[in-house]
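Student: Predicted model follows, preceded by the sequence.
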Amino acid sequence: QKEVEQNSGPLSVPEGAIASLNCTYSDRGSQSFFWYRQYSGKSPELIMFIYSNGDKEDGRFTAQLNKASQYVSLLIRDSQPSDSATYLCAVTGIGWAGGTSYGKLTFGQGTILTVHP
Amino acid sequence: EAQVTQNPRYLITVTGKKLTVTCSQNMNHEYMSWYRQDPGLGLRQIYYSMNVEVTDKGDVPEGYKVSRKEKRNFPLILESPSPNQTSLYFCASSPDRTYSDTQYFGPGTRLTVL
């Protein structure tokens, strides 16, 4: 089982619709959850992070976390063509090196979203 | 401007010819990482560094070396590149090792090994 798995995509939605991106993770000890957006040929950029169960809203974006189900999602309301990109889910767990803990960030494989006019 | 820089941005090389990809950040971050990105596999961590002279392997370290002699620089070294190391590489830095704050990515280096 992959540590972090995203819905395979690609996902295509019409302009103005809600895009729903999903991510499941295997490590129950995971503490922090991130959504990155990556435009073609560019580096990832952080758009949302969530630490606690429930919903977190930022403009048109809502992140939802359910730790019991090991599930995190990203909703994009009123989708725009400029939202077309690859969305990466990332999850932190705890790694150990030399007796020191560190945040181990594991990415999913990404979901390609296309918003068509 | 806060940024992570990588050089070169594009590189085509041949099997076995040693190369170094440089990474530098100007934010005084302690934590730096190298990732590779391949289609369908997302970002996979190669090496990370928690501070000067403190480095350790990530998930896919085979065939790579790193060093951290200065806080701002974290070069990635391929001693004997092979075609399976053809990939898109990203360097990243963050202010702490728990990712309580955002991680800053460099612009990427597209490497092709023939």
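Tutor: Cool, got the structure.
Student: Report the helix or strand with the lowest average pLDDT across the chain.
Tutor: All of this is about chain A. strand A:100-107 (a mean of 74; mean pLDDT, DSSP states H and E).
Student: Chain B, not that one
Tutor: Per mean pLDDT, DSSP H and E, bottom of the list for chain B is strand B:54-57, a mean of 88.
Student: So which elements touch it?
Tutor: With contacts taken as 3 or more C-beta pairs under 8 Å, 6 or more residues apart in numbering or on different chains; DSSP states H and E, strand B:54-57 sits against strand B:42-51. Placement of C-beta: from N, CA and C, glycine included.
Student: Pull out the buried positions in the strand it packs on.
Tutor: B:42-50 (16 or more other C-beta atoms under 10 Å in any protein chain shown).
Student: Could you export those residues as CSV, including distance to B:Ser33 and pLDDT?
Tutor: Shown next, in CSV, are these (distance: C-beta to C-beta, whole Å; pLDDT from 0 to 100):
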residue, distance to B:Ser33, pLDDT
B:Gly42, 14, 87
B:Leu43, 9, 91
B:Arg44, 11, 93
B:Gln45, 6, 91
B:Ile46, 8, 94
B:Tyr47, 7, 93
B:Tyr48, 4, 89
B:Ser49, 8, 90
B:Met50, 10, 86
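Student: got the buried residues for the least confident helix or strand of chain B?
Tutor: B:55-56.
Student: What of stretch A:18-37?
Tutor: A:19-25, A:30, A:32-37.
Student: Contact residues of chain A facing chain B?
Tutor: For chain A, the contact set with chain B under C-beta under 8 Å from any C-beta of the partner chain comprises A:4, A:32, A:34, A:41-46, A:49, A:88, A:90, A:92, A:97-98, A:100, A:102-110.
Student: Filter those down to the buried ones.
Tutor: Buried among the residues of chain A next to chain B by 16+ other C-beta under 10 Å: A:4, A:32, A:34, A:43-44, A:46, A:49, A:88, A:90, A:92, A:102-110.
Student: Could you confirm B:Asn84 falls within a helix?
Tutor: Yes: counting by DSSP: H, G, I helix; E, B strand; the rest coil, B:Asn84 is part of a helix.
Student: Thanks again, I'm all set now.
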